[in-house]
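1. no sequence on this one, just coordinates:
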């Protein structure tokens, strides 16, 4: 196990398109987190899973955002009808806190 | 929720110099973590330090929980220490979601 893996590393999309990111956590970690980081800021919490249950969601997670962790292993984060304000680095972590390399989203 | 403030926001050092980064937090915490984000964006967990002092090589951290601050010391800095240093604490005392400070951008010049 080489750590937390995120795909893709970079995504450029047109405004209004849907995008989906994937996170593969460290296999023995049952907690999984999604954070968003914009330039010059610290990461901001979006949501977290304990196994397959989504236990907490930030108010930053609008109706256009949905996250799943169907079998308690990998997780996906989908953004529908992307907006330019969604441009950011999306970070996944499993706990004890180990972060992936992130997916950088650019909405043009 | 908890507020986390870091200082200084930017720091430029010559290789070999020592530095101290500070993190203040607004409420009692049972978990305080320091992270390093390298220039490629990878966040690395440096210390889990709710109280006391820990050392790892040239880095050490001290948290004084009663006074609600933590310090990260970097000795004999190297160019590879460059990047952004974040401290983070749980939103509530029983939670595991982290509130991050805005970071200290460290540049170590050769």
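-> Great, that's in hand. Note that the structure is a prediction, hence the values are computed from the model and not measured.
2. which stretches of the chain aren't confidently modelled?
-> Let's take chain A. Within chain A, the segments meeting pLDDT under 70 span A:1.
3. that's the other chain; I wanted chain B
-> Judged by pLDDT under 70, the stretches of chain B that qualify are B:92-95.
4. Against residue A:22, how distant is whatever residue of chain A ends up closest to chain B?
-> Relative to chain B, the nearest point of chain A is residue A:42 (3.1 Å; Cβ to the nearest Cβ). (C-beta placed from N, C-alpha, C; glycine too.) For residue A:42, the distance to residue A:22 equals 24 Å [Cβ to Cβ, to the nearest Å].
5. how near is the residue of chain A closest to chain B to residue A:59?
-> 17 Å.
6. so what's residue 8 closest to, chain neighbours aside?
-> Just going to use chain A. Excluding the flanking residues, the one nearest residue A:8 by Cβ to Cβ, 6 or more residues apart in numbering or on different chains is residue A:103, at 6.0 Å.
7. I was after chain B.
-> residue B:104 (6.1 Å).
8. same question, residue A:24
-> That would be residue A:5: by Cβ to Cβ, 6+ apart, it lies 4.3 Å from residue A:24.
9. how close does the one you found get to residue A:90?
-> Taking Cβ to Cβ, one finds residue A:5 at 13 Å from residue A:90.
10. quick one, which of the two is more surrounded?
-> More neighbours surround residue A:90 than the other of residue A:5 and residue A:90, with 23 against 15 (other Cβ atoms under 10 Å in any protein chain shown).
11. wait, the more buried one sits on residue A:78?
-> No - under the criterion of Cβ atoms under 8 Å, residue A:90 makes no contact with residue A:78, lying 11.0 Å away.
12. Dig out what residue A:35 forms beta bridges with.
-> Beta bridges link residue A:35 to residue A:45, residue A:91 when assigned by DSSP bridges.
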